[in-house]
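Asker: take this sequence and fold it.
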Amino acid sequence: MIDTSSAGGVQEPEQEPDAIISSSHALPQLKQSKSSEISVSLLDHHVNARTTVEILENRKSFCEGGQGVVQKEEVPTFSNLLLTNRPFRFYLSSYIITTAGEWFTYVASIELIEQLLGSDRATSRRYVSLLIVCRLLPNFFLIPFGGILADSRDRRRSMIILDLIGAIAPILFLVASYFRSIGMVYAITLLQASVASFYEPCRSSILPLMVKEDEHMRMATTLTGMAWSVMTSVGAGLGGLVVAQYGMTSCFMLDSVSFIISAILILMIGGEWDVSGEDKDEEQTVWKQIEEMSVNGLKYIFNSKFWPLVFLKMTTSAVYGGGDILNVSFAEEDPNSTEAEQVQRLGALFFSVGFGCMIGPLILEPFTNMENPKTILNACVLAFGLQAIGWIAEGYFQSFTLTLISTTVRAMGSSISWIDSQVLLQMVVKSDMLGRVVAIDYGLALAAEALSSMVAGLLQDKCHISPRAVSMMMGGLAIAFFILWLCYRVCFSDALFTTSNSNEVCKSPENDVEKIGNECCRDRIATEQTALLVGP
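Answerer: Numbering: from 1, shown residues only. Now for the predicted structure:
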């Protein structure tokens, strides 16, 4: 029994080596009695409880460089996150580089199709639409397998292997250019998209393991979205300039190099990032494992209260999906412009998209709070209003300058909804299920984006509807989704946010399960420490 009394006359026992505790966490002295061994056992258990999170660093389970240790409370800031979290710095750098490279290839592949069509450019919208479908549709079919990969294997190692495979695909576009084959362009694009469908769930689900504090996690997700936005601006803009000045070959080569650099950066993170908590039957076939994990993932979603959030990103993608097709149309709207000018105008439109995606989350960031998830859902609803305003303005104004401004506004909305919908899922989904949930969420979003792109192209090529009129239609769709999600926010969201949805399952210290310590686990450890100090 632990004596917390400070009264005199208590005989002080000899301290045993196993019961020594650091001076900063000194415990009251123990009475010499037959219960001494029990007290020592309780103290050992206390040490285990107090150091559960530190063990993560010592065993290098999820982090290296001291990032896995729960530290004193600090005011969460972007600079603090970047300065103190070494794995996240490598992660963010990798993401920035590969995103820039992908935009180089995207702009170059569009220009490659335009060149291969030659005099048949009247139907280019249809061919570009098909290119976008090839970029997006494989994700719908393959990304569930990417989610299973993320939840069953080490996420960092999977990302390294996929980066090295991804470095090969851009070089193959040069072969397609040599043989002047549009079919090969589509086939290589399918290969790139297939690799991305496995990569994205690993990338998205590794982030909550690196960043454990709620506010820092939201900031990390925002920074990742901003990185995409900046690279969309820089990558797409520079891609247009590089194509115009140095040709498509340079863009494809730069993309290939970016994947190699990304693999090196992810390798430098180090550590083990395998969160699979399901028993692995060695005799079970691969397909049986895939089937079992898929069924478990779907059951988890359908039995949850957060399942409507899985469709939030999908509706966002349906609204902005036609943007790339319309950007091509707006870039070539002036019949007197040269081919080089059209490429530069396309780069300017992509820059506007990236700029809008960057400033949108920053503007709303002070008005959202992880402690009040309703503010994050409010931002998602408002985002559809911004998309509606941008699309309608883009359809109404004919000036290219005003088109750039309108594009920025609608991009602000799409970025806010995309990032905050991901934050909401990270808040309510368990880590060992996050890969599969993110895969379904992302797959539905890309399928909606592909469908939206195809419809936007067909409306122009087959139905001969002007790009400005199609923009008006997209604005109407944004208004419809704004009303839908506003109704959900007002009428149904209370059940989600009044229910405890932790993204981690807390385990007692004696369980040999190593998971990232979050607020839930820290509270439980603190409770156990208190119980050990006061005794039964």
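
Asker: ok, the nearest residue to residue 467 once chain neighbours are set aside - contacts?
Answerer: Spatial nearest neighbour of residue 467, excluding adjacent residues (C-beta to C-beta, 6 or more residues apart in numbering): residue 329 at 3.9 Å. All C-beta spots, glycine's among them, are computed from the backbone N, C-alpha and C. Going by C-beta atoms under 8 Å, 6 or more residues apart in numbering, residue 329 touches 125, 460, 467.

Asker: buried residues in whichever strand or helix holds residue 262?
Answerer: Following DSSP states H and E, one finds residue 262 within helix 248-269. By 16 or more other C-beta atoms under 10 Å, the buried positions in helix 248-269 come out as 248, 251-256, 258-259, 261-263, 265-266, 269.

Asker: mind giving me the packing neighbours of that helix?
Answerer: Under the contact definition 3 or more C-beta pairs under 8 Å, 6 or more residues apart in numbering; DSSP states H and E, helix 248-269 sits against helix 86-117, helix 155-166, helix 169-179, helix 214-246.

Asker: which among the ones you listed is found nearest to residue 80?
Answerer: helix 214-246 (7.8 Å; C-beta to C-beta).

Asker: for the closest one, buried residues please.
Answerer: Buried, per 16+ other C-beta under 10 Å, within helix 214-246: 214-240, 242-244.

Asker: possible to save the contacts of residue 329 as CSV with pLDDT?
Answerer: Formatted as CSV, these follow (pLDDT from 0 to 100):
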residue, pLDDT
125, 70
460, 88
467, 92
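
Asker: ok, of those, which one's closest to residue 348?
Answerer: Among the contacts of residue 329, and counting by C-beta to C-beta, the member closest to residue 348 is residue 467, at 15.9 Å.

Asker: which of the contacts of residue 329 fall within strands?
Answerer: Among the contacts of residue 329, none falls in strands (DSSP state E).

Asker: now the residues you listed as CSV including neighbour count and distance to residue 80?
Answerer: Formatted as CSV, these follow (neighbours: other C-beta atoms under 10 Å; distance: C-beta to C-beta, whole Å):
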residue, neighbour count, distance to residue 80
125, 22, 47
460, 22, 48
467, 22, 45
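
Asker: for stretch 331-343, buried residues please.
Answerer: 331, 332, 333, 342, 343.

Asker: in helices, which of the residues you listed appear?
Answerer: Counting by DSSP state H, the buried residues of stretch 331-343 place 331, 342, 343 in helices.

Asker: mind putting the residues you listed into TSV with pLDDT and distance to residue 374?
Answerer: Shown next, in TSV, are these (pLDDT from 0 to 100; distance: C-beta to C-beta, whole Å):
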residue	pLDDT	distance to residue 374
331	88	40
342	83	45
343	76	44
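
Asker: quick one: low-confidence ranges for the stretch 201-350 of the chain?
Answerer: Applying pLDDT under 70 to the stretch 201-350 of the chain flags the ranges 277-286.

Asker: what number of residues lie near residue 491?
Answerer: 9 (other C-beta atoms under 10 Å).

Asker: measure it to residue 118 for me?
Answerer: Using C-beta to C-beta, to the nearest Å, residue 491 is found at 55 Å from residue 118.
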